[in-house]
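Participant: Following is a predicted model, sequence given first.
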Amino acid sequence: MSNSHHLYEKIILDHNRAPRNFGKLPSPDIIVEASNPLCGDTFQIYLQLDGNVIQALHFEGNGCAISKASASLMTTLLKGKTKSEAQNLLESFQTMLNSEPTESMEESELGELVAFSEVRKFPMRIKCAALTWRALDSVLSSDESCTHPTK
Amino acid sequence: MSNSHHLYEKIILDHNRAPRNFGKLPSPDIIVEASNPLCGDTFQIYLQLDGNVIQALHFEGNGCAISKASASLMTTLLKGKTKSEAQNLLESFQTMLNSEPTESMEESELGELVAFSEVRKFPMRIKCAALTWRALDSVLSSDESCTHPTK
Amino acid sequence: MAKLTDYNNNLQNDFPILGKKIHGTPLIYLDNAATTQKPQCVIDALVRFYSEENSNVHRGLHYLSQVATEHYEAARKRVTSFLGADDTYSTIFTSGVTEAINLAAHGLGTLLLKPKDEILITQMEHHSNIIPWQLLCEKTGAQLRIIPISDAGELLMEEFERLLNARTKIVAVTHVSNVLGTVNPIREICSKAKEQGAISLIDGAQSAAHLNINIQDIGADFFVCSAHKMYGPTGIGVLCGPAELLNRMSPYQSGSGMVESVTFEKTSFRTVPDKFEAGTPHIAGAIGLTAALDYLSDTGMDAIESHEQQLLAYGTKVLTSVEGLRIIGNAKKKTGVLSFTLENVHPHDIAQLLDNDGIAIRSGHHCAQPLMQFYHVPATARASLGIYNSKQDIDSLVNALHTVREVFP
Amino acid sequence: MAKLTDYNNNLQNDFPILGKKIHGTPLIYLDNAATTQKPQCVIDALVRFYSEENSNVHRGLHYLSQVATEHYEAARKRVTSFLGADDTYSTIFTSGVTEAINLAAHGLGTLLLKPKDEILITQMEHHSNIIPWQLLCEKTGAQLRIIPISDAGELLMEEFERLLNARTKIVAVTHVSNVLGTVNPIREICSKAKEQGAISLIDGAQSAAHLNINIQDIGADFFVCSAHKMYGPTGIGVLCGPAELLNRMSPYQSGSGMVESVTFEKTSFRTVPDKFEAGTPHIAGAIGLTAALDYLSDTGMDAIESHEQQLLAYGTKVLTSVEGLRIIGNAKKKTGVLSFTLENVHPHDIAQLLDNDGIAIRSGHHCAQPLMQFYHVPATARASLGIYNSKQDIDSLVNALHTVREVFP
Ligand SMILES: Cc1ncc(COP(=O)(O)O)c(C=O)c1O
Ligand SMILES: Cc1ncc(COP(=O)(O)O)c(C=O)c1O
């Protein structure tokens, strides 16, 4: 385990302090609940779809800096993406969180998500970083477009 | 704990090999069962009383050398004794088994029972030495003179 | 050891782990409510057992078996006397507080619970003193009743008296809250419970290593504690309770050691404590616990209490110098448990950043989710004190919290 | 370690206790079926944990907590691979075999037993693999059925097949008898059980440190073992079984660590393995067990088996030179367990006199009273071999038995 100051990259602190797309959407197609009862984190994700395209993505709720900043970044990155583009990014993000860093990572589609690459060294925090992503993924990969809470 | 050869005094080995008063009494007043299920020892004690006096005392059964020799010696020592004399001897015997040896012990009423004084040093064997004595005591101290098994 | 009345005690040297460096800085261990560190004498006792005395206990006639049996039974006596119990009590070794409460719940449930009977616990219980009773209620049709608390984190005793009634069969209360540090008025609780004919169980997980315990003086039926929170080894704990009552309770786990005779048709059980100790016990654990109790007694429970009280008072004062810090748990009687939140910083992030300075605290719900719900917080950060902590440890904590404040302005 | 193929192995030096003298003579430890001695590497692992890594596991963010958690979970993986399980299995830490069987009986009982269902065990089971099933039968109305054995101490397999039927829901059989040494045909048993749709549980208390174990190859649903009989610490054991089935079984003990969320109204449980590990686990125990498994693997299970087989063959031959000695248990496939009686000498007296020469054997019913009833003996004397025993140990045993013969002619 290494110095945890590295965990809190500027961009993470920034998104934590001033989360983007924070708050309800007026008429979401889908509301997803993302919660980790073990640490008390709870977020709601509001999703508006236009066919296969994510038209709007908001979130609300409480959690640690890692989970909150990750949710915030997610909303900025996935807006305008198709479902499958979103799922590809999610997969790359998960891979980054769970494996040794590679040369190509820096230049990959991950973009600002690279700020979370240190999380890998803090196994307890991987769940925090992935929390809202996994919840979103579970609705994107399901066919139904109804509201359902996920863990 | 000390050398266990001392445990097997000549007199104990003798009574174990050739137990006295071994076998049923033809018409006992009381039959007592003495058993230690934890080590599998089981004895029956046959008692014939004349008022308060132990007229005949036999035993039968299986157990280790310590329990068998102790039962055998008991039958030889208590025959002809009154109930209360028997109980006094039992008490002295118990005391000897459970406490440090004293000067006076050698000369006390214990007689040949002194052969069991080493048992004190082998806590697991105290129960063996006391097994049939305690069973007998439980009927002597109860008023009823009916057959009842004891542990 | 005489140094314990001083803020800057020297007991650290007795604990090898406290000489360790974390990320290059010396370890400051403030997670004692989760588990305590082990003094060298406890480690030595374990090494001695495994190197010189190891054997299975009971019914073995060879030398090692006798030595192990003697030491195991001596450990039982040592615990009994440490808890102030006499021989009307039986001390049963369990794997910890959690198993001890499960055992008690199981035995008391079948012995005395009927539908509509009530079990009283408090708002501040640890999950291990909630769920076994909750499941027991589901099984028996009894009802779980909760003694509420004040914002300061004290039991509302008038509510307790209102809740206590003829249907109350069991009152299970923590001696000290692992989140708030609150020391509950357990003498009064046990005596009121007894008046109503209810059985009392005191969860001593957070008190046994911090306060003088005397089960008879408390008037409790059952007292439970875990060795690992008492500077002893993992995997062992204690249930101490009335022998007569325990003998009437049905056995918990079954297997070797707790039976008198077995046939395929019928099994007869032994009496306490054997009845409740099925299988090969954690012999080394019992022996390590004895060493821990000796260490505690040599240091002196009164000295320990006063040392930790001084640190608590100091810590409470200086923590409030951190901007936006709120201490959760302000009972008049507290042990050295300091739970807090820091505005705009999640407790997990506090703990993570403190680790950087070698400071070990815990963040989360501390297995007391209903208490979190009461305070409407998802989690707290918790610094909990032990015998080896010093004023400097508190100063380091506060300095590190100021740094956290800078990272999360 | 290479010396293990030789009768006179040098592993003794790895075990500090074997250098000890008993009544002035070197310890000869032949009570391995009761518990095994611990190699220095296991003791060192415990010391290292308590001196450098001690912390509570799970949910802690500070360095020590992460290290302890990683090592605890690595221990779980190590056990899983040692038992030849893949990730469709879950490895649950218990306090030992006894708790593991109680846990399985509890969970399987509520999941699948109805009145008139049947549970099959054998005549040679240890009390810990009898009583939990007996009590479960009392609770559920199921019936306990016993697979009989031959005089040699082998299961009568045709009787097993006769007993096995559509009502058989559980087949719980010991891999190796702790009294007879018999190695049971568990592959065949598990496969026949599976054909009938019954769940199999193999009690590996006496096999896990003596034979190569592969749960998948065996085809068992559950396999249980105790660390203290595997050169590991006391207070820890293992239940390994199908994750999917375990997830459907009701939790056993309840408390912290096994819950997802708790309110006073409702508690939801986690999945395996957490679901079955309530309370603070025996972390040091898991770490010590890992060291023991590494020691076993380094020595080589095949080498261990062949070493013990050589000693068994030699011991069986030379023991019969003692007048009036009768070996109980003459199965074709045996491990190094030598139970015997000596004419005119009670087993307790044998054990007592052997102790005098520093020889540790066990006497008694070995927690297998129904087996004693079958052989019509109140007790046996039992010498049981371990990794460190040598031909000389057997010679010393036989010499000492000749002395016993002289004391009790
Ligand atoms: C065959 C068998 N099963 C079960 C057990 C019980 O093991 P433990 O006492 O470690 O729970 C033992 C050992 O005593 C045994 O030999
Ligand atoms: C108040 C309280 N009760 C019960 C427990 C459970 O103790 P253990 O995990 O040792 O079983 C704890 C500690 O986690 C506690 O703090």
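Facilitator: Good, I have the coordinates. Ligands and ions are numbered 1, 2, ... in the order given.
Participant: Chain neighbours aside, what residue packs nearest to the residue of the stretch 101-250 of chain C found nearest chain D?
Facilitator: Nearest residue of the stretch 101-250 of chain C to chain D (CB to the nearest CB) works out as C:G235 at 2.8 Å. C-beta: built from backbone N, CA, C; applies to glycine. In this structure, C:G235 finds its nearest non-sequential neighbour in D:H282, 2.8 Å apart by CB to CB, 6 or more residues apart in numbering or on different chains.
Participant: Kindly provide the distance from that neighbour to B:A34.
Facilitator: Distance of D:H282 to B:A34, computed by CB to CB, to the nearest Å: 41 Å.
Participant: and what of C:K333?
Facilitator: Separation of C:K333 from B:A34 (CB to CB) stands at 56 Å.
Participant: Neighbour count: these two, which is higher?
Facilitator: Between C:K333 and B:A34, counting by other CB atoms under 10 Å in any protein chain shown, B:A34 is the more crowded of the two (25 against 13).
Participant: just checking, that one is part of a strand?
Facilitator: Yes: counting by DSSP: H, G, I helix; E, B strand; the rest coil, B:A34 is found in a strand.
Participant: Could you pull up the residues touching it?
Facilitator: Applying CB atoms under 8 Å, 6 or more residues apart in numbering or on different chains, we find B:A34 in contact with B:41-45, B:61, B:71, B:131-132, B:134-136, B:150-151.
Participant: Make JSON lines out of the residues you listed and add distance to chain D and pLDDT.
Facilitator: Formatted as JSON lines, the contacts of B:A34 follow (distance: CB to the nearest CB, whole Å; pLDDT from 0 to 100):
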{"residue": "B:D41", "distance to chain D": "7", "pLDDT": "90"}
{"residue": "B:T42", "distance to chain D": "7", "pLDDT": "93"}
{"residue": "B:F43", "distance to chain D": "11", "pLDDT": "96"}
{"residue": "B:Q44", "distance to chain D": "15", "pLDDT": "97"}
{"residue": "B:I45", "distance to chain D": "18", "pLDDT": "97"}
{"residue": "B:G61", "distance to chain D": "10", "pLDDT": "95"}
{"residue": "B:A71", "distance to chain D": "13", "pLDDT": "97"}
{"residue": "B:L131", "distance to chain D": "12", "pLDDT": "96"}
{"residue": "B:T132", "distance to chain D": "15", "pLDDT": "96"}
{"residue": "B:R134", "distance to chain D": "18", "pLDDT": "94"}
{"residue": "B:A135", "distance to chain D": "17", "pLDDT": "95"}
{"residue": "B:L136", "distance to chain D": "21", "pLDDT": "95"}
{"residue": "B:T150", "distance to chain D": "18", "pLDDT": "39"}
{"residue": "B:K151", "distance to chain D": "15", "pLDDT": "34"}
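Participant: ok, and the most crowded of those residues?
Facilitator: Using other CB under 10 Å as the neighbour criterion, B:A71 leads the contacts of B:A34 with 33 neighbours.
Participant: Point me to the helix or strand that includes it.
Facilitator: helix B:65-78 (DSSP states H and E).
Participant: Show me what from the stretch 151-300 of chain C comes close to ligand 1.
Facilitator: Within the stretch 151-300 of chain C, the positions lying close to ligand 1 (CB under 6 Å from any ligand atom) are C:S256, C:G279, C:T280.
Participant: can you do 8 Å?
Facilitator: With CB under 8 Å from any ligand atom as the criterion, the stretch 151-300 of chain C meets ligand 1 at residues C:G255, C:S256, C:G257, C:A278, C:G279, C:T280.
Participant: Show the overlap between the residues you listed and what lies near chain B.
Facilitator: Among those, no residue sits close to chain B (CB under 8 Å from any CB of the partner chain).
Participant: Just the ones of those residues in strands?
Facilitator: Of these, none are assigned to strands by DSSP state E.
Participant: Dump these into TSV; add neighbour count and pLDDT as well.
Facilitator: Formatted as TSV, these follow (neighbours: other CB atoms under 10 Å in any protein chain shown; pLDDT from 0 to 100):
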residue	neighbour count	pLDDT
C:G255	25	96
C:S256	25	94
C:G257	23	93
C:A278	27	97
C:G279	29	97
C:T280	28	98
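Participant: Which one of those is nearest to D:I92?
Facilitator: Lowest distance from D:I92 to those (CB to CB) belongs to C:G279, with 15.5 Å.
Participant: hang on, the earlier thing: which members of the contacts of B:A34 occur in strands, if any?
Facilitator: Using DSSP E, the subset of the contacts of B:A34 located in strands is B:D41, B:T42, B:F43, B:Q44, B:I45, B:G61.
Participant: My read is that the first one contacts B:N62, right?
Facilitator: Yes: at 6.7 Å, B:D41 counts as touching B:N62 under the criterion of CB atoms under 8 Å.
Participant: shared neighbours, these two?
Facilitator: With CB under 8 Å, 6+ apart, B:D41 and B:N62 have common neighbours D:P378.
Participant: Where do the helices of the chain begin and end?
Facilitator: All of this is about chain A. Along chain A, the segments classed as helices by DSSP state H run A:10-17, A:65-78, A:83-98, A:123-141.
Participant: Hmm, no, I was thinking of chain C.
Facilitator: Using DSSP H, helices in chain C cover C:40-48, C:63-82, C:97-112, C:131-140, C:157-163, C:186-195, C:215-218, C:243-248, C:283-299, C:301-319, C:347-355, C:369-375, C:391-407.
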